[in-house]
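In: With the input below, show me the fold.
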Amino acid sequence: MSEDRTMERIKTCAWWPSWRKAVIEYCHSFDRCQKANKATDKRFGLMIHIQEESTPWELVPMDWVTALPPGGDESYNACLVIVDRYSKPQPFEHVIKMTQLWIQLF
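Out: Numbering: from 1, shown residues only. Take a look at the predicted model:
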């Protein structure tokens with residue numbers, strides 16, 4: 001519920017001195033509202049342009065997708081995603097029984 005809707009609901013059933021200020025303070029401190037509202041301040045920093053690569057496999061980001069439900073004959077439960085930023089192919093390597101040690105190696 002927004003601050004305006006809260007004010008509308010309060011003013012129909014209650015009044016006290018400086019009630020508007022109290023409602024605004026309540027809305028700004030309400031934990032559930034703070035988690036649901038997106039941040040509008042500039043705390044995230046500046047966006048940085050990633051320069052384009054000049055040759056294939058120059059920049060290769062990788063990421064693990066883990067805790068997948070087992071499937072197939074081999075019961076794969078994880079996937080290593082590899083992306084070549086130059087040509088954009090995305091090979092996927094399926095993996096059986098990912099462990100923390102294996103993840104830390106990469």
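In: H49 sits in which helix or strand?
Out: Using DSSP states H and E, H49 falls within no helix or strand.
In: mind listing the helices for the protein?
Out: Assigned by DSSP state H, the chain shows helices spanning 3-13, 19-29, 31-36, 100-105.
In: what domains does the record give for this structure?
Out: Residue ranges for the domains of the chain, per automatic domain parsing: 3-36, 62-105.
In: mean pLDDT for those domains: which is lowest?
Out: Of all those, mean pLDDT reaches its minimum on domain 62-105 (a mean of 70).
In: need the helices of the chain in a markdown table with distance to Y76 and mean neighbour count, can you?
Out: All C-beta spots, glycine's among them, are computed from the backbone N, C-alpha and C. Below are the helices of the chain laid out as a markdown table (distance: least, Cβ to Cβ, whole Å; neighbours: other Cβ atoms under 10 Å):
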| stretch | distance to Y76 | mean neighbour count |
| --- | --- | --- |
| helix 3-13 | 49 | 12 |
| helix 19-29 | 47 | 12 |
| helix 31-36 | 35 | 10 |
| helix 100-105 | 14 | 9 |
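In: Please tabulate those in JSON lines, including the columns distance to G71.
Out: Formatted as JSON lines, those follow (distance: least, Cβ to Cβ, whole Å):
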{"stretch": "helix 3-13", "distance to G71": "46"}
{"stretch": "helix 19-29", "distance to G71": "46"}
{"stretch": "helix 31-36", "distance to G71": "34"}
{"stretch": "helix 100-105", "distance to G71": "19"}
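In: Out of these, which is closest to T55?
Out: helix 100-105 (26.0 Å; Cβ to Cβ).
In: quick one, which of the helices of the chain is nearest to Y86?
Out: With Cβ to Cβ as the criterion, Y86 lies closest to helix 100-105 of the helices of the chain, at 25.1 Å.
In: shouldn't W16 be in contact with A22?
Out: Yes - between W16 and A22 there is a contact under Cβ atoms under 8 Å: 7.5 Å.
In: and for these two, which residues touch both?
Out: Common neighbours of W16 and A22 are not found (criterion: Cβ atoms under 8 Å, 6 or more residues apart in numbering).
In: Fine by me, we can end here.
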